[in-house]
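Asks: Quick check, what structure comes out for this input:
(one chain, ligands or ions: 2)
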Amino acid sequence: MSKRKLSRQQRWRIEKVQAERARRAEQRGDEDSRKLAAGEYGPEQPGRVIAHFGRTLDVRADSGGDPVRCHLRANLEGLVTGDRVIWRATHDPAGHVVEGVVVARSERQSVLERPDARGQLKPVAANIDQILIVFAVEPAPHPNLIDRYLVAAEATGIDPTLVLNKIDLLPKDGGELMALLNRYEALGYPVVATTTARENGLAALHDRLAGRTSVFVGQSGVGKSSLIDRLLPGEALRIGALSKDSRKGTHTTTTARLYDLPTAENAELIDSPGIREFGLMHLDEQQVTEGFIEFRELLGRCRFRDCRHRQEPGCAVLEAVKRGDIHPERFDSYRRIVDSLNEA
Ligand SMILES: Nc1nc2c(ncn2[C@@H]2O[C@H](COP(=O)(O)OP(=O)(O)OP(=O)(O)O)[C@@H](O)[C@H]2O)c(=O)[nH]1
Ligand SMILES: [Zn+2]
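Replies: Ligands and ions are numbered 1, 2, ... in the order given. Below is the predicted model of the structure:
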């Protein structure tokens, strides 16, 4: 974190802005308390945050219907797209839902975080079941890059799936990439092959999407936008997923959004430019080591408790590499990733 000194004037400005924010939040809170006390809000009900813009959110009721523009009770902070919440709606005299207030957040099953401008981790999306790591025949992936993504996914506790796109460009025998994929399948990672260049090219992907909330990540040019365009045809459909207020507003699409995918049963996608870049952020050495899933059962078994699996005698990981139980390229990749941490 930077230790830049702020001038007195800057400090004064920051304090003024914060005081103003607090005052507005308090007013909002007073108004909410009054409405809640007056019974102007309907009963508490469960819902899901499908987009967030600062302290306002779009919430979809679990019971269905259009998304509703909501604000937060003053004591709630840091809600993100995908959060499950308890909220209450207000109605106009004709009985239509006008807006809502979120009163509580349910426990998160998972959360994706990214460092903010000051390097502090901030949640960007919650309750994701699956990270779809997209790579392509062209640009061909370095195995090290796939491992990096897998390690980052393992650190979140969210299940990764490898998506090989552009299989229309594969050589007939499958080439080296197919051999690479088999290696990941043998480790237990699901792998699906796709192409946006053929009519039925996403069939295997639909099966993986069904019944899950997914995010797409991957290097530039592998076809994430193309895949998402196929899954969510038309910008109109995407915009339509927002509340009327958000559609009118000037909000950009840089915030994460949750979409229903019409092409598969109970399939949801959470997407934002920031999420697509997930996976290339900082991890520590322990996260990297534990992110190689074939190492895990060996980790307590090295002779030295603080073994770093380099050249220590009695290292269970090195022995597994020697026996051929750990693929040499995976081990090499592990080394490179750990070394890159020390460079940073
Ligand atoms: N041959 C072939 N080309 C594809 C396929 N899918 C995408 N492409 C092409 O690959 C290029 C990159 O695709 P994008 O969808 O923009 O890739 P992206 O991952 O969203 O890239 P960024 O926006 O840079 O992160 C485009 O020219 C696409 O037309 C495919 O299945 N087969
Ligand atoms: Zn060791």
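
Asks: drop to CA atoms for contacts and neighbour counts, all remaining ones
Replies: OK.

Asks: In CSV, list the C-alpha atoms belonging to stretch 168-175.
Replies: Extracted as CSV, the C-alpha positions of stretch 168-175 are listed here (Å, rounded to 0.1, in the frame of the first residue of the first chain):
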residue,chain,number,x,y,z
ASP,A,168,-12.8,-26.1,-35.5
LEU,A,169,-9.1,-25.2,-35.7
LEU,A,170,-7.8,-28.5,-34.2
PRO,A,171,-5.8,-30.8,-36.3
LYS,A,172,-7.5,-34.1,-37.1
ASP,A,173,-5.6,-36.2,-34.5
GLY,A,174,-6.3,-33.6,-31.8
GLY,A,175,-2.6,-32.7,-31.6
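
Asks: Just to check, Lys224 is in contact with Leu231?
Replies: No. The pair formed by Lys224 and Leu231 falls short of the contact definition of Cα atoms under 8 Å, at 10.5 Å.

Asks: who's more crowded, these two?
Replies: Taking other Cα atoms under 10 Å, Lys224 and Leu231 do not tie; Lys224 has more neighbours (21 against 18).

Asks: before we move on, which element is Val288 in?
Replies: Element membership for Val288, per DSSP states H and E: helix 285-291.

Asks: Skipping adjacent residues, who's closest to the residue in the stretch 1-150 of the chain positioned nearest to ligand 2 in space?
Replies: Using Cα to the ion, the single residue of the stretch 1-150 of the chain nearest to ligand 2 is Asp147, 19.3 Å away. Closest residue to Asp147 apart from its sequence neighbours, by Cα to Cα, 6 or more residues apart in numbering: Ser333 at 7.0 Å.

Asks: tell me which element that neighbour is part of?
Replies: Using DSSP H and E, the element containing Ser333 is helix 328-343.

Asks: Just checking, which helix or strand of the chain averages the lowest pLDDT?
Replies: helix 235-240 (a mean of 61; mean pLDDT, DSSP states H and E).

Asks: As a check, name the ranges of all helices in the stretch 151-300 of the chain.
Replies: Using DSSP state H, counting those that start in this stretch, the helices of the stretch 151-300 of the chain run over 175-187, 203-209, 224-231, 235-240, 244-248, 273-276, 285-291.

Asks: Output the ones you listed as TSV; include the columns distance to Phe304.
Replies: Compiled in TSV, those are given as follows (distance: least, Cα to Cα, whole Å):
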stretch	distance to Phe304
helix 175-187	26
helix 203-209	41
helix 224-231	44
helix 235-240	54
helix 244-248	57
helix 273-276	38
helix 285-291	15
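
Asks: which helix is the longest one in the chain?
Replies: The longest helix of the chain (DSSP state H) is helix 8-37.

Asks: Give me the next element, helix or strand, following it.
Replies: Taking DSSP H and E as the definition, the helix or strand right after helix 8-37 is strand 45-53.

Asks: and that next one, what other elements does it pack with?
Replies: strand 56-61, strand 84-91, strand 257-261 (3 or more Cα pairs under 8 Å, 6 or more residues apart in numbering; DSSP states H and E).

Asks: The stretch 51-200 of the chain against ligand 1: which residues are in contact?
Replies: Those residues of the stretch 51-200 of the chain that sit near ligand 1, judged by Cα under 6 Å from any ligand atom, are 165-166, 168-169, 195-197.

Asks: and which of those residues is nearest Leu187?
Replies: Proximity of those to Leu187, judged by Cα to Cα, is greatest for Asn165, which lies at 20.2 Å.

Asks: what sits against the closest one?
Replies: Contact partners of Asn165, counting by Cα atoms under 8 Å, 6 or more residues apart in numbering, are 134-137, 193-196, 222-223.

Asks: repeat for Ile128
Replies: Contacts for Ile128 were tallied using Cα under 8 Å, 6+ apart; they are 82, 109-112, 158, 212-215, 270.

Asks: Now the buried members of those.
Replies: Judged by neighbour count, with 16 or more other Cα atoms under 10 Å as the criterion, the buried members of the contacts of Ile128 are 82, 110-112, 158, 212-215, 270.

Asks: hmm, back to that, residues of the helix holding Ser333 that come out buried?
Replies: By 16+ other Cα under 10 Å, the buried positions in helix 328-343 come out as 330-331, 333-335, 337-338.

Asks: and if you look at stretch 52-65?
Replies: Buried residues in stretch 52-65, defined by neighbour count with 16+ other Cα under 10 Å: 52-53, 56-61.

Asks: taking those as a set, which two sit the farthest apart in space?
Replies: By the measure Cα to Cα, the buried residues of stretch 52-65 have their two most distant members at Phe53 and Ala61, which lie 18.1 Å apart.

Asks: Can you pull the domain assignment for this protein?
Replies: With domains defined by automatic domain parsing, the chain comprises 8-105, 124-276, 285-343.

Asks: mean pLDDT for the helices of the stretch 151-300 of the chain: which is lowest?
Replies: Set side by side, these differ in mean pLDDT, and helix 235-240 is lowest with a mean of 61.

Asks: does the residue nearest the centre of the chain count as helix, strand or coil?
Replies: Most central in the chain under Cα atoms, centre = their mean is Leu112, positioned 4.4 Å from the mean C-alpha point. Assigned with DSSP: H, G, I helix; E, B strand; the rest coil, Leu112 falls in the strand class.

Asks: Perfect, that will be all.
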